[in-house]
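In: Compute the structure for the input listed below.
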Amino acid sequence: MPHPIIEIDELLRLILAELVETSPRTTVSLALTCRSLEEPTLRPLWRQQKSLYHLLRVLPNRCIRVGDGNSFGVIVSGCNSPAHRIRSHSPQVIEHDPSVEEWARLLRYASWMRRLYLDRDEWHTSDTLSRLSSNSPGGLLFPNLEWLHWDVYESDTALAYFRLFLSPHLQRVTLYADLDLFDYIPRSQLAAIIRVISFLPTSLEYLSVMYDSYWEENPLKDAVSSFICRCGPSLRGFGTFIPLSEAAIHRLTQLPNLSHWTTAQEPPQAVPTSIFPSLEHLHLNSNDALTWLHLPVTLRNSPAPATSLTNVGGALKTLDCCWSATLGSNFLSTIAEFQNLVTLRVRTYDCSNGGGYCTFHLTDDDMEHLAAALPRLKHLRLRQPCQANTCNTTVASLVSLSANCLDLTLLETHFNTLTITDDMRRLLDRGAGCDQTKCKLRSILVGNMPLEVRKEDIETIAMGFKVIFPCLTDIRGSGGHWQQLIFT
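Out: Prediction:
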(Lines give C-alpha, C1' and ligand atoms only; values in the text may rest on other atoms or scores of the structure.)
Protein backbone atom coordinates (compact mmCIF):
# COMPACT_ATOMS: atom_id res chain seq x y z
CA MET A 1 0.00 0.00 0.00
CA PRO A 2 1.54 3.34 -1.01
CA HIS A 3 2.40 5.91 1.60
CA PRO A 4 -0.42 8.49 2.02
CA ILE A 5 1.94 11.34 1.10
CA ILE A 6 2.23 10.01 -2.45
CA GLU A 7 -1.46 10.70 -2.92
CA ILE A 8 -0.96 14.42 -2.08
CA ASP A 9 0.44 15.65 -5.40
CA GLU A 10 1.60 19.07 -4.17
CA LEU A 11 3.59 17.66 -1.24
CA LEU A 12 5.09 14.91 -3.39
CA ARG A 13 6.35 17.39 -5.98
CA LEU A 14 7.88 19.63 -3.29
CA ILE A 15 9.79 16.67 -1.87
CA LEU A 16 10.95 15.52 -5.31
CA ALA A 17 12.07 19.04 -6.27
CA GLU A 18 14.29 19.13 -3.19
CA LEU A 19 15.58 15.64 -3.94
CA VAL A 20 16.53 16.62 -7.51
CA GLU A 21 18.70 19.45 -6.19
CA THR A 22 20.45 17.42 -3.49
CA SER A 23 20.70 13.93 -4.96
CA PRO A 24 19.94 13.34 -8.67
CA ARG A 25 21.07 9.71 -8.43
CA THR A 26 18.58 8.98 -5.65
CA THR A 27 15.88 10.64 -7.72
CA VAL A 28 16.62 8.33 -10.65
CA SER A 29 16.55 5.27 -8.40
CA LEU A 30 13.22 6.38 -6.99
CA ALA A 31 11.79 6.67 -10.51
CA LEU A 32 12.62 3.01 -11.13
CA THR A 33 10.66 1.77 -8.12
CA CYS A 34 7.16 2.72 -9.20
CA ARG A 35 5.57 3.58 -12.55
CA SER A 36 3.36 6.21 -10.92
CA LEU A 37 6.51 8.03 -9.72
CA GLU A 38 8.21 8.18 -13.12
CA GLU A 39 6.62 11.39 -14.37
CA PRO A 40 6.81 13.54 -11.18
CA THR A 41 10.35 12.24 -10.50
CA LEU A 42 11.97 12.48 -13.94
CA ARG A 43 10.25 15.64 -15.17
CA PRO A 44 12.37 17.94 -12.95
CA LEU A 45 15.55 16.16 -14.11
CA TRP A 46 14.69 16.78 -17.75
CA ARG A 47 13.75 20.41 -17.21
CA GLN A 48 17.25 21.72 -17.98
CA GLN A 49 19.74 20.03 -20.32
CA LYS A 50 23.18 21.08 -21.51
CA SER A 51 23.17 18.98 -24.68
CA LEU A 52 21.14 16.55 -26.76
CA TYR A 53 23.29 13.67 -25.54
CA HIS A 54 20.99 12.46 -22.78
CA LEU A 55 17.88 12.69 -24.94
CA LEU A 56 19.40 10.55 -27.70
CA ARG A 57 20.57 8.01 -25.14
CA VAL A 58 16.90 7.36 -24.38
CA LEU A 59 16.84 5.34 -27.61
CA PRO A 60 17.96 1.70 -27.36
CA ASN A 61 21.56 0.78 -28.10
CA ARG A 62 20.62 -1.01 -31.32
CA CYS A 63 19.55 2.35 -32.76
CA ILE A 64 22.40 4.57 -31.58
CA ARG A 65 26.09 4.64 -32.37
CA VAL A 66 28.46 6.97 -30.55
CA GLY A 67 31.00 8.36 -33.02
CA ASP A 68 34.72 8.51 -32.44
CA GLY A 69 35.84 11.10 -29.91
CA ASN A 70 36.38 11.64 -26.22
CA SER A 71 33.61 11.50 -23.69
CA PHE A 72 33.51 11.41 -19.95
CA GLY A 73 30.93 11.21 -17.22
CA VAL A 74 28.55 8.71 -15.65
CA ILE A 75 25.54 6.97 -17.18
CA VAL A 76 22.88 5.59 -14.88
CA SER A 77 22.41 2.09 -16.21
CA GLY A 78 18.92 0.82 -16.89
CA CYS A 79 17.09 4.13 -16.68
CA ASN A 80 15.92 6.41 -19.49
CA SER A 81 16.87 9.60 -17.64
CA PRO A 82 19.50 12.29 -18.04
CA ALA A 83 22.78 11.74 -16.23
CA HIS A 84 23.76 15.28 -15.35
CA ARG A 85 27.49 14.63 -15.21
CA ILE A 86 27.75 13.28 -18.75
CA ARG A 87 29.36 15.49 -21.36
CA SER A 88 30.17 14.18 -24.80
CA HIS A 89 32.47 15.41 -27.54
CA SER A 90 31.31 12.66 -29.90
CA PRO A 91 28.42 12.69 -32.39
CA GLN A 92 25.34 10.67 -31.60
CA VAL A 93 24.33 8.80 -34.76
CA ILE A 94 20.87 7.25 -35.19
CA GLU A 95 21.68 4.27 -37.42
CA HIS A 96 18.36 2.41 -37.24
CA ASP A 97 14.84 3.70 -36.85
CA PRO A 98 13.38 3.11 -33.38
CA SER A 99 9.90 1.68 -32.94
CA VAL A 100 6.86 3.91 -32.56
CA GLU A 101 6.88 3.35 -28.80
CA GLU A 102 10.57 4.25 -28.55
CA TRP A 103 10.06 7.47 -30.50
CA ALA A 104 7.09 8.29 -28.27
CA ARG A 105 9.24 7.94 -25.17
CA LEU A 106 11.89 10.28 -26.61
CA LEU A 107 9.25 12.84 -27.59
CA ARG A 108 7.68 12.65 -24.15
CA TYR A 109 10.97 13.45 -22.43
CA ALA A 110 11.68 16.20 -24.98
CA SER A 111 8.32 17.78 -24.11
CA TRP A 112 9.46 18.03 -20.48
CA MET A 113 12.52 20.09 -21.35
CA ARG A 114 12.29 23.83 -20.63
CA ARG A 115 15.93 24.96 -20.95
CA LEU A 116 18.46 23.74 -23.50
CA TYR A 117 22.11 24.72 -24.00
CA LEU A 118 23.78 23.78 -27.28
CA ASP A 119 27.52 24.39 -27.12
CA ARG A 120 30.54 23.88 -29.34
CA ASP A 121 31.52 20.65 -27.60
CA GLU A 122 28.78 18.63 -29.27
CA TRP A 123 27.79 18.06 -32.85
CA HIS A 124 25.43 15.70 -34.63
CA THR A 125 25.23 14.37 -38.15
CA SER A 126 22.69 15.74 -40.61
CA ASP A 127 21.13 12.29 -40.89
CA THR A 128 20.50 12.15 -37.13
CA LEU A 129 18.94 15.62 -37.08
CA SER A 130 16.86 14.77 -40.16
CA ARG A 131 15.45 11.68 -38.43
CA LEU A 132 14.60 13.76 -35.35
CA SER A 133 12.86 16.33 -37.53
CA SER A 134 10.83 13.82 -39.56
CA ASN A 135 9.65 12.00 -36.42
CA SER A 136 8.69 15.14 -34.48
CA PRO A 137 5.15 16.53 -34.84
CA GLY A 138 5.40 19.46 -37.23
CA GLY A 139 9.19 19.17 -37.11
CA LEU A 140 9.18 20.61 -33.55
CA LEU A 141 11.08 18.40 -31.10
CA PHE A 142 10.79 20.66 -28.04
CA PRO A 143 7.22 22.02 -27.93
CA ASN A 144 7.53 23.50 -24.44
CA LEU A 145 11.07 24.91 -24.56
CA GLU A 146 11.37 28.29 -22.83
CA TRP A 147 15.14 29.03 -22.80
CA LEU A 148 17.57 28.31 -25.65
CA HIS A 149 21.30 29.06 -25.52
CA TRP A 150 22.97 28.24 -28.83
CA ASP A 151 26.75 28.49 -29.19
CA VAL A 152 27.00 28.47 -32.98
CA TYR A 153 30.19 27.35 -34.70
CA GLU A 154 31.34 27.42 -38.31
CA SER A 155 30.10 23.93 -39.27
CA ASP A 156 27.04 23.69 -37.05
CA THR A 157 24.80 21.11 -38.75
CA ALA A 158 21.90 21.88 -36.37
CA LEU A 159 21.36 25.29 -38.01
CA ALA A 160 19.62 23.62 -40.94
CA TYR A 161 17.13 22.06 -38.49
CA PHE A 162 16.52 25.10 -36.31
CA ARG A 163 12.76 24.50 -36.30
CA LEU A 164 13.37 21.59 -33.91
CA PHE A 165 14.10 24.16 -31.18
CA LEU A 166 11.75 27.07 -31.96
CA SER A 167 8.99 26.41 -29.47
CA PRO A 168 6.07 28.88 -29.44
CA HIS A 169 6.72 29.19 -25.69
CA LEU A 170 10.29 30.49 -26.05
CA GLN A 171 10.99 33.33 -23.63
CA ARG A 172 14.77 33.67 -23.73
CA VAL A 173 17.15 33.05 -26.66
CA THR A 174 20.91 33.53 -26.80
CA LEU A 175 22.81 33.09 -30.06
CA TYR A 176 26.54 33.26 -29.43
CA ALA A 177 29.68 32.89 -31.53
CA ASP A 178 33.38 33.47 -31.02
CA LEU A 179 35.30 36.59 -32.04
CA ASP A 180 35.76 37.19 -35.79
CA LEU A 181 33.28 34.47 -36.69
CA PHE A 182 32.52 36.17 -40.00
CA ASP A 183 36.13 35.78 -41.14
CA TYR A 184 35.62 32.08 -41.75
CA ILE A 185 31.96 31.12 -41.47
CA PRO A 186 30.45 29.86 -44.78
CA ARG A 187 27.80 32.04 -46.40
CA SER A 188 25.35 29.16 -46.16
CA GLN A 189 25.76 29.18 -42.38
CA LEU A 190 25.21 32.94 -42.23
CA ALA A 191 22.02 32.47 -44.22
CA ALA A 192 20.91 29.78 -41.74
CA ILE A 193 21.56 32.11 -38.78
CA ILE A 194 19.50 34.80 -40.50
CA ARG A 195 16.63 32.31 -40.94
CA VAL A 196 16.79 31.42 -37.25
CA ILE A 197 16.49 35.10 -36.27
CA SER A 198 13.66 35.72 -38.74
CA PHE A 199 11.61 32.84 -37.29
CA LEU A 200 12.01 33.79 -33.61
CA PRO A 201 8.67 34.45 -31.91
CA THR A 202 7.98 38.16 -31.44
CA SER A 203 6.74 37.44 -27.91
CA LEU A 204 10.30 36.83 -26.60
CA GLU A 205 11.23 38.35 -23.26
CA TYR A 206 15.03 38.19 -23.70
CA LEU A 207 17.18 38.04 -26.83
CA SER A 208 20.97 38.11 -27.06
CA VAL A 209 22.76 37.93 -30.40
CA MET A 210 26.42 37.96 -29.36
CA TYR A 211 28.64 38.01 -32.41
CA ASP A 212 31.84 39.96 -31.72
CA SER A 213 32.16 41.53 -35.14
CA TYR A 214 31.17 45.16 -34.92
CA TRP A 215 31.27 46.70 -38.37
CA GLU A 216 28.64 48.60 -40.29
CA GLU A 217 28.20 46.03 -43.07
CA ASN A 218 27.54 43.21 -40.62
CA PRO A 219 25.50 40.57 -42.51
CA LEU A 220 23.19 40.06 -39.53
CA LYS A 221 22.33 43.75 -39.16
CA ASP A 222 19.14 43.65 -41.22
CA ALA A 223 17.87 40.41 -39.64
CA VAL A 224 18.36 41.58 -36.05
CA SER A 225 17.02 45.07 -36.79
CA SER A 226 13.95 43.59 -38.46
CA PHE A 227 13.22 41.41 -35.43
CA ILE A 228 13.47 44.39 -33.06
CA CYS A 229 11.08 46.40 -35.23
CA ARG A 230 8.58 43.49 -35.13
CA CYS A 231 8.95 42.45 -31.49
CA GLY A 232 6.18 43.00 -28.99
CA PRO A 233 6.16 44.95 -25.73
CA SER A 234 7.04 41.78 -23.80
CA LEU A 235 10.77 42.23 -24.61
CA ARG A 236 12.53 42.90 -21.31
CA GLY A 237 16.14 42.26 -22.24
CA PHE A 238 18.15 42.67 -25.43
CA GLY A 239 21.84 42.48 -26.15
CA THR A 240 24.00 42.57 -29.26
CA PHE A 241 27.31 43.95 -30.52
CA ILE A 242 25.86 44.18 -34.03
CA PRO A 243 25.04 47.70 -35.26
CA LEU A 244 21.30 48.16 -35.64
CA SER A 245 19.28 50.31 -37.99
CA GLU A 246 18.08 53.67 -36.69
CA ALA A 247 14.51 52.38 -36.82
CA ALA A 248 15.45 49.46 -34.55
CA ILE A 249 17.15 51.79 -32.06
CA HIS A 250 14.04 53.98 -31.97
CA ARG A 251 11.91 50.89 -31.41
CA LEU A 252 14.08 49.79 -28.48
CA THR A 253 13.81 53.17 -26.79
CA GLN A 254 10.02 52.88 -26.98
CA LEU A 255 9.68 49.43 -25.41
CA PRO A 256 8.00 50.08 -22.04
CA ASN A 257 9.28 46.92 -20.31
CA LEU A 258 12.90 46.95 -21.51
CA SER A 259 15.10 46.69 -18.41
CA HIS A 260 18.31 44.97 -19.67
CA TRP A 261 20.28 46.33 -22.62
CA THR A 262 23.72 45.49 -24.03
CA THR A 263 25.00 47.57 -26.95
CA ALA A 264 28.16 48.72 -28.69
CA GLN A 265 26.37 51.41 -30.70
CA GLU A 266 26.09 55.14 -30.12
CA PRO A 267 22.64 56.79 -29.94
CA PRO A 268 21.09 58.07 -33.17
CA GLN A 269 21.03 61.78 -33.90
CA ALA A 270 17.40 62.10 -32.87
CA VAL A 271 16.12 60.07 -29.94
CA PRO A 272 12.32 60.01 -29.38
CA THR A 273 11.42 61.90 -26.22
CA SER A 274 7.87 60.66 -25.80
CA ILE A 275 8.87 57.38 -24.15
CA PHE A 276 12.12 55.99 -22.83
CA PRO A 277 12.55 52.70 -20.97
CA SER A 278 13.47 52.73 -17.30
CA LEU A 279 16.55 50.55 -17.75
CA GLU A 280 17.82 48.64 -14.73
CA HIS A 281 20.87 46.99 -16.35
CA LEU A 282 22.97 48.68 -19.04
CA HIS A 283 26.08 47.19 -20.65
CA LEU A 284 28.06 49.48 -22.98
CA ASN A 285 30.71 47.63 -24.92
CA SER A 286 32.48 50.41 -26.85
CA ASN A 287 33.60 53.99 -26.52
CA ASP A 288 30.89 55.08 -28.96
CA ALA A 289 28.22 53.52 -26.77
CA LEU A 290 29.30 55.63 -23.78
CA THR A 291 27.34 58.50 -25.31
CA TRP A 292 24.20 56.84 -23.94
CA LEU A 293 25.34 57.87 -20.46
CA HIS A 294 24.91 61.55 -21.33
CA LEU A 295 21.39 61.03 -22.67
CA PRO A 296 19.38 61.38 -19.42
CA VAL A 297 20.91 64.78 -18.69
CA THR A 298 20.59 65.93 -22.31
CA LEU A 299 16.95 64.95 -22.60
CA ARG A 300 16.00 66.23 -19.17
CA ASN A 301 17.34 69.66 -20.10
CA SER A 302 15.65 69.66 -23.52
CA PRO A 303 12.68 72.00 -24.19
CA ALA A 304 10.23 69.06 -24.27
CA PRO A 305 11.49 66.40 -21.84
CA ALA A 306 10.08 62.89 -21.97
CA THR A 307 7.32 62.05 -19.54
CA SER A 308 9.25 59.07 -18.14
CA LEU A 309 12.78 60.41 -18.43
CA THR A 310 12.89 61.31 -14.77
CA ASN A 311 13.13 57.56 -14.13
CA VAL A 312 16.06 56.92 -16.46
CA GLY A 313 18.82 57.96 -14.08
CA GLY A 314 17.05 56.70 -10.97
CA ALA A 315 16.07 53.26 -12.29
CA LEU A 316 19.52 52.07 -13.36
CA LYS A 317 20.94 49.46 -10.96
CA THR A 318 23.77 47.90 -12.98
CA LEU A 319 26.18 49.73 -15.27
CA ASP A 320 28.93 47.79 -17.04
CA CYS A 321 30.94 49.84 -19.52
CA CYS A 322 34.14 49.70 -21.54
CA TRP A 323 35.97 53.00 -20.92
CA SER A 324 39.31 52.96 -22.73
CA ALA A 325 40.05 56.65 -22.22
CA THR A 326 41.71 58.08 -19.12
CA LEU A 327 39.53 57.54 -16.07
CA GLY A 328 39.30 61.04 -14.57
CA SER A 329 36.88 63.70 -13.39
CA ASN A 330 34.92 63.53 -16.67
CA PHE A 331 34.00 59.95 -15.77
CA LEU A 332 32.86 61.07 -12.31
CA SER A 333 30.52 63.76 -13.66
CA THR A 334 28.94 61.22 -16.02
CA ILE A 335 28.42 58.39 -13.53
CA ALA A 336 27.16 60.52 -10.63
CA GLU A 337 23.86 60.98 -12.48
CA PHE A 338 22.86 57.38 -11.71
CA GLN A 339 22.46 57.71 -7.96
CA ASN A 340 20.79 54.32 -7.40
CA LEU A 341 23.52 52.16 -8.92
CA VAL A 342 24.12 48.89 -7.10
CA THR A 343 26.78 47.52 -9.47
CA LEU A 344 29.32 49.63 -11.33
CA ARG A 345 31.99 47.99 -13.45
CA VAL A 346 34.41 49.87 -15.71
CA ARG A 347 36.39 47.60 -18.02
CA THR A 348 39.46 48.22 -20.14
CA TYR A 349 41.87 45.95 -21.94
CA ASP A 350 45.00 47.42 -20.37
CA CYS A 351 44.87 49.97 -17.58
CA SER A 352 48.52 50.95 -18.12
CA ASN A 353 47.72 51.48 -21.82
CA GLY A 354 50.64 49.31 -22.81
CA GLY A 355 53.10 51.85 -21.39
CA GLY A 356 54.67 52.77 -18.10
CA TYR A 357 51.89 54.95 -16.79
CA CYS A 358 48.47 54.31 -15.33
CA THR A 359 45.31 55.66 -16.95
CA PHE A 360 43.46 55.73 -13.61
CA HIS A 361 43.51 59.49 -12.86
CA LEU A 362 40.85 59.78 -10.16
CA THR A 363 41.94 61.48 -6.95
CA ASP A 364 40.95 60.96 -3.33
CA ASP A 365 38.52 63.88 -3.66
CA ASP A 366 37.00 62.29 -6.78
CA MET A 367 36.52 59.00 -4.95
CA GLU A 368 34.89 60.82 -2.04
CA HIS A 369 32.44 62.49 -4.43
CA LEU A 370 31.79 59.18 -6.16
CA ALA A 371 31.08 57.40 -2.88
CA ALA A 372 28.75 60.21 -1.74
CA ALA A 373 26.89 60.20 -5.08
CA LEU A 374 26.45 56.40 -5.20
CA PRO A 375 25.74 55.28 -1.62
CA ARG A 376 23.83 52.13 -2.67
CA LEU A 377 26.80 50.45 -4.34
CA LYS A 378 27.36 46.77 -3.56
CA HIS A 379 29.85 45.92 -6.30
CA LEU A 380 32.38 48.51 -7.49
CA ARG A 381 35.01 47.53 -10.06
CA LEU A 382 37.04 50.42 -11.50
CA ARG A 383 39.36 48.63 -13.91
CA GLN A 384 41.82 45.95 -12.94
CA PRO A 385 44.60 47.58 -10.92
CA CYS A 386 47.96 47.58 -12.71
CA GLN A 387 51.57 47.43 -11.55
CA ALA A 388 52.47 51.03 -12.49
CA ASN A 389 51.57 52.24 -8.96
CA THR A 390 51.42 55.87 -10.09
CA CYS A 391 47.76 56.63 -9.33
CA ASN A 392 46.79 59.58 -7.12
CA THR A 393 44.34 57.73 -4.89
CA THR A 394 45.49 56.54 -1.47
CA VAL A 395 44.03 54.78 1.56
CA ALA A 396 41.85 57.88 2.04
CA SER A 397 39.76 56.79 -0.98
CA LEU A 398 39.01 53.50 0.80
CA VAL A 399 37.93 55.39 3.91
CA SER A 400 35.47 57.43 1.80
CA LEU A 401 33.97 54.27 0.31
CA SER A 402 33.66 52.64 3.72
CA ALA A 403 31.92 55.66 5.22
CA ASN A 404 29.42 56.17 2.39
CA CYS A 405 28.79 52.79 0.75
CA LEU A 406 27.70 50.63 3.67
CA ASP A 407 26.34 47.81 1.48
CA LEU A 408 29.58 47.40 -0.48
CA THR A 409 30.65 43.73 -0.64
CA LEU A 410 33.12 43.63 -3.57
CA LEU A 411 35.70 46.28 -4.50
CA GLU A 412 38.22 46.52 -7.32
CA THR A 413 40.01 49.86 -7.48
CA HIS A 414 43.40 51.57 -7.60
CA PHE A 415 45.21 53.07 -4.63
CA ASN A 416 48.88 53.93 -4.36
CA THR A 417 50.77 51.54 -2.09
CA LEU A 418 54.06 53.48 -1.90
CA THR A 419 52.92 55.20 1.31
CA ILE A 420 50.48 52.55 2.53
CA THR A 421 52.44 51.74 5.70
CA ASP A 422 52.53 55.38 6.89
CA ASP A 423 48.90 55.88 5.87
CA MET A 424 47.77 52.89 7.93
CA ARG A 425 49.85 53.99 10.94
CA ARG A 426 48.21 57.43 10.90
CA LEU A 427 44.81 55.79 10.59
CA LEU A 428 45.47 53.54 13.59
CA ASP A 429 46.86 56.45 15.61
CA ARG A 430 43.56 58.29 15.16
CA GLY A 431 41.83 55.39 16.92
CA ALA A 432 38.34 54.84 15.55
CA GLY A 433 39.49 55.47 12.01
CA CYS A 434 36.20 55.22 10.16
CA ASP A 435 34.00 55.96 13.17
CA GLN A 436 33.19 52.28 13.51
CA THR A 437 31.79 51.95 10.02
CA LYS A 438 29.18 49.30 9.27
CA CYS A 439 30.46 48.71 5.73
CA LYS A 440 29.91 45.08 4.68
CA LEU A 441 32.88 44.79 2.30
CA ARG A 442 34.40 41.31 2.41
CA SER A 443 36.74 41.18 -0.59
CA ILE A 444 39.09 43.56 -2.42
CA LEU A 445 40.58 42.79 -5.84
CA VAL A 446 43.97 44.43 -6.42
CA GLY A 447 45.19 42.62 -9.55
CA ASN A 448 48.87 43.26 -10.29
CA MET A 449 49.10 46.24 -7.97
CA PRO A 450 52.40 45.88 -6.06
CA LEU A 451 52.79 45.73 -2.30
CA GLU A 452 56.47 45.87 -1.44
CA VAL A 453 56.77 46.45 2.31
CA ARG A 454 58.86 45.13 5.17
CA LYS A 455 57.64 41.96 6.81
CA GLU A 456 57.33 43.71 10.17
CA ASP A 457 54.80 46.14 8.61
CA ILE A 458 52.45 43.43 7.35
CA GLU A 459 50.48 43.29 10.60
CA THR A 460 50.08 47.08 10.70
CA ILE A 461 48.70 47.12 7.17
CA ALA A 462 46.30 44.26 7.91
CA MET A 463 45.04 46.00 11.05
CA GLY A 464 44.50 49.19 9.07
CA PHE A 465 42.39 47.41 6.48
CA LYS A 466 40.27 45.86 9.23
CA VAL A 467 39.66 49.30 10.73
CA ILE A 468 38.47 50.59 7.36
CA PHE A 469 36.50 47.46 6.47
CA PRO A 470 35.60 45.45 9.61
CA CYS A 471 34.03 42.58 7.59
CA LEU A 472 37.03 42.15 5.24
CA THR A 473 38.11 38.53 4.81
CA ASP A 474 40.58 38.60 1.90
CA ILE A 475 42.51 40.76 -0.56
CA ARG A 476 43.17 39.04 -3.88
CA GLY A 477 46.29 40.16 -5.66
CA SER A 478 49.35 38.75 -7.37
CA GLY A 479 51.88 41.53 -6.82
CA GLY A 480 54.06 41.58 -3.71
CA HIS A 481 52.93 40.62 -0.21
CA TRP A 482 49.14 40.70 -0.57
CA GLN A 483 48.79 36.99 0.23
CA GLN A 484 50.59 37.49 3.53
CA LEU A 485 47.82 39.75 4.85
CA ILE A 486 45.70 37.70 7.23
CA PHE A 487 42.28 38.89 8.41
CA THR A 488 40.57 37.25 11.38
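
In: Strands along the stretch 251-400 of the chain, start to end?
Out: Shown for the stretch 251-400 of the chain, the strands assigned by DSSP state E, counting those that start in this stretch span residues 260-263, 281-284, 318-322, 343-347, 379-382.

In: Tell me the pLDDT of Tyr153.
Out: Note for Tyr153: predicted pLDDT of 70.

In: Oops, could you answer that again for Leu295 instead?
Out: 74.

In: Quick check: it touching Pro267?
Out: Yes: here Leu295 reaches Pro267: they are 6.0 Å apart, a contact under Cβ atoms under 8 Å. Yep, even glycine has a C-beta here, placed from its N, CA and C like the rest.

In: can the strands of the stretch 251-400 of the chain go into CSV with extra columns for mean neighbour count?
Out: What follows is these, written out as CSV (neighbours: other Cβ atoms under 10 Å):
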stretch, mean neighbour count
strand 260-263, 20
strand 281-284, 20
strand 318-322, 19
strand 343-347, 19
strand 379-382, 20
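
In: I'd like these laid out as TSV, including distance to Asp457 and mean pLDDT.
Out: Listed next are these as TSV, based on distance: least, Cβ to Cβ, whole Å; pLDDT from 0 to 100:
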stretch	distance to Asp457	mean pLDDT
strand 260-263	44	94
strand 281-284	41	93
strand 318-322	36	92
strand 343-347	31	93
strand 379-382	26	94
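
In: Could you provide the ones you listed in JSON lines, with additional columns for distance to Tyr211?
Out: Shown next, in JSON lines, are these (distance: least, Cβ to Cβ, whole Å):
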{"stretch": "strand 260-263", "distance to Tyr211": "12"}
{"stretch": "strand 281-284", "distance to Tyr211": "15"}
{"stretch": "strand 318-322", "distance to Tyr211": "17"}
{"stretch": "strand 343-347", "distance to Tyr211": "19"}
{"stretch": "strand 379-382", "distance to Tyr211": "25"}
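
In: Could you report the neighbour count for the nearest residue to Leu445 once chain neighbours are set aside?
Out: Leaving aside its sequence neighbours, Leu445 sits nearest to Glu412 (Cβ to Cβ, 6 or more residues apart in numbering; 3.9 Å). Glu412 has 19 neighbouring residues, counting by other Cβ atoms under 10 Å.

In: Could you do the one 4 residues further on as well?
Out: Number of residues near Asn416 (other Cβ under 10 Å) recorded here: 19.

In: hang on, isn't it packed against Cys391?
Out: Yes: Asn416 lies in contact with Cys391 (Cβ under 8 Å); the separation is 5.4 Å.

In: quick revisit: any idea how far the residue nearest to Leu445 is from Phe360?
Out: For Glu412, the distance to Phe360 equals 11 Å [Cβ to Cβ, to the nearest Å].

In: the bottom helix or strand of this structure by mean pLDDT?
Out: Least confident element among the helices and strands of the chain, by mean pLDDT, DSSP states H and E: strand 71-72 (a mean of 33).

In: so is Pro219 in a helix, a strand, or just coil?
Out: The three-state label given to Pro219 by DSSP: H, G, I helix; E, B strand; the rest coil is coil.

In: Could you measure from it over to Asn285?
Out: For Pro219, the distance to Asn285 - Cβ to Cβ - is 19 Å.

In: So for these two, which sits in the more crowded spot?
Out: Using other Cβ under 10 Å, the more surrounded residue of Pro219 and Asn285 is Asn285, with 21 against 17.

In: Leaving out the residues flanking it, which one is nearest to that one?
Out: Ala264 (4.2 Å).

In: quick one: that neighbour and Asn287 touch, right?
Out: No: Ala264 is not in contact with Asn287 according to Cβ under 8 Å; the separation is 9.3 Å.

In: Name the helix or strand for Ala462, please.
Out: helix 458-468 (DSSP states H and E).

In: That helix packs against which elements?
Out: helix 395-404, helix 420-429 (3 or more Cβ pairs under 8 Å, 6 or more residues apart in numbering; DSSP states H and E).

In: Can you check what angle separates the helix or strand following the last one from helix 458-468?
Out: Think helix 420-429. The helix or strand immediately downstream of helix 420-429 is strand 443-447, counting by DSSP H and E. With axes from the mean of the first three to the mean of the last three Cα atoms, to 10 degrees applied, the angle from strand 443-447 to helix 458-468 works out at 130 degrees.

In: So in that sheet, which strands flank strand 443-447, and in what orientation?
Out: strand 410-412 (parallel), strand 474-477 (parallel) (DSSP bridges).

In: okay, those in JSON lines with mean pLDDT and distance to Cys63 next?
Out: Conversion of those to JSON lines gives the following (pLDDT from 0 to 100; distance: least, Cβ to Cβ, whole Å):
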{"stretch": "strand 410-412", "mean pLDDT": "95", "distance to Cys63": "50"}
{"stretch": "strand 474-477", "mean pLDDT": "89", "distance to Cys63": "51"}
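
In: returning to what we had before: who does the residue nearest to Leu445 bridge with?
Out: Beta-bridge partners, per DSSP bridges, of Glu412: Arg381, Leu445.

In: Which residue, other than its chain neighbours, is closest to Ala371?
Out: The nearest residue in space to Ala371 (Cβ to Cβ, 6+ apart) is Asn404, at 3.8 Å.

In: do His369 as well
Out: Leu332 (6.1 Å).

In: Pro268 versus the one you found, what's the distance?
Out: For Leu332, the distance to Pro268 - Cβ to Cβ - is 27 Å.

In: can you tell me the distance between the two ends of stretch 222-242?
Out: 10 Å (Cα to Cα, to the nearest Å).

In: Stretch 473-484 now?
Out: Terminal-residue distance, stretch 473-484 (Cα to Cα): 13 Å.
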